[in-house]
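*Asks:* got a predicted structure here, sequence first:
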Amino acid sequence: MKVGLVIYGSLEILTGGFIYDRKLVDFIQAHGAIVEVCSLPWRDYAYHLTDNLSYKFFRRLEKSDFDILLEDELNHPSLLAANHLLLNSSKFPVVSIVHHLRCSELRSNVANRFYRMIERMYVKTADGFIFNSGTTRKSVETLGLAPKPYVTAYPGRNALNPGVNSQFIRKRAEDPGPLRLLFVGSLIPRKELHTLVEALSHIPRKDWALRVVGALETDKNYTNEVLERLKRFDLEDNVSLLGSMSGEELEAEYRNSQVLAVPSSYEGFGIVYLESMGFGAPPLASTGGAASEMITDGLNGFLVSPGDIKGIAEKISRLAGDRALLVQMGEAALDRFATHPTWDQSCHKIFNFMKEMVSTSHV
């Protein structure tokens, strides 16, 4: 099977969606498929829409000998025209990998109506879908289009090597000193680091310390806003901005941390929540998106409404003052992690779906 994959930039990017795409590519190559990555330049949304004025990318795809074309849905603004032409040619099935819809993110109603219109136009041109969660599948269904073949496959649990057990979780929770919090994610507004910082300003400084792992240069204006908030709330000594990290460095941060706090306004899945559960660190997330498919509030983590500053402060204060609860929730998080599919299991599910799409298209 020869597979085309359309992405922006490179598979070496370390954010969740690209990790998913890279794991899938590694798996299907290991099982005999040939994969050709069709990369588009990563620019802003308006420039991506102008890609539709050129037939150059469509001609590249039309001349290919793919059996199936995978497209990361992130690329949707660049693919409207090309997909429409491919749909008419019926050359090969086009399957969209949907991590989350842009119109699901928290922004003005006017902006989201525009994004919803564009994404609906794109989704209409796909022959099938690969969803990373049930939440993502439901968000696509709300676009009101006719049902199409799909598979739902969670990101796998085994990207990192936790190697922790109940004894380790108990010993870590009983360490003296402030509650060790970790934030993992690019510094962009959707991840809500600014909300977390404001919530922490309501908790005594002696009760917590926060380490932030994630790219600082993705949105420099937002990074500067976070830095200004830290200064305004006099939290600079409590918060460490560490930038991007390698896998081994990230593992060390998870292993040392007692709680993950990433109250994103929306996550199509949220790999970081799963990763932290593997290290026995209960995650704090928001109800915006798919976190509830992993986290049971009060059992193996906490869920708050998006932007709920008071709720975030209350949950963190509770764990800081009750280390027995921290142990209990950490062990429950580890138990939930153990039931989650591996990357091989999820990718095998996707590969079977791809083969079905190819065989059906040849009938």
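*Replies:* Yep, it's here.

*Asks:* neighbours of residue 347, how many?
*Replies:* 22 (other CB atoms under 10 Å). C-beta here means a position set from N, CA and C on the backbone, and glycine is covered the same way.

*Asks:* so it is in which element?
*Replies:* Under the criterion of DSSP states H and E, residue 347 resides in helix 343-361.

*Asks:* which residues touch that helix?
*Replies:* For helix 343-361, the surrounding residues in contact (CB atoms under 8 Å, 6 or more residues apart in numbering) are 1, 3, 23-24, 27-28, 31, 33, 67-68, 70, 90, 92-93, 95, 127-128, 130, 149-151, 153-159, 341.

*Asks:* make it 7 Å
*Replies:* For helix 343-361, contacts defined as CB atoms under 7 Å, 6 or more residues apart in numbering pick out 1, 23-24, 27-28, 31, 67-68, 92-93, 95, 127-128, 130, 149, 151, 153-156, 158-159.

*Asks:* who's in contact with residue 40?
*Replies:* Residue 40 touches 6, 8, 51, 75, 78, counting by CB under 7 Å, 6+ apart.

*Asks:* three-state assignment of the last one?
*Replies:* Classification of residue 78 using DSSP: H, G, I helix; E, B strand; the rest coil returns helix.

*Asks:* tell me how many other residues crowd the closest residue to it other than its chain neighbours.
*Replies:* The spatially closest residue to residue 78, leaving aside those adjacent along the chain, is residue 51, at 3.9 Å (CB to CB, 6 or more residues apart in numbering). For residue 51, the neighbour count with other CB under 10 Å is 19.

*Asks:* for residue 32, same thing?
*Replies:* Neighbour tally, residue 32, other CB under 10 Å: 8.

*Asks:* quick one, what contacts it?
*Replies:* No contacts exist for residue 32 under CB under 7 Å, 6+ apart.

*Asks:* nearest residue to residue 91 other than its sequence neighbours?
*Replies:* residue 62 (6.6 Å).

*Asks:* how much space between that neighbour and residue 245?
*Replies:* For residue 62, the distance to residue 245 equals 41 Å [CB to CB, to the nearest Å].

*Asks:* tell me which of the two has more neighbours.
*Replies:* Neighbours were counted for residue 62 and for residue 245 using other CB under 10 Å; residue 245 has more, 16 against 13.
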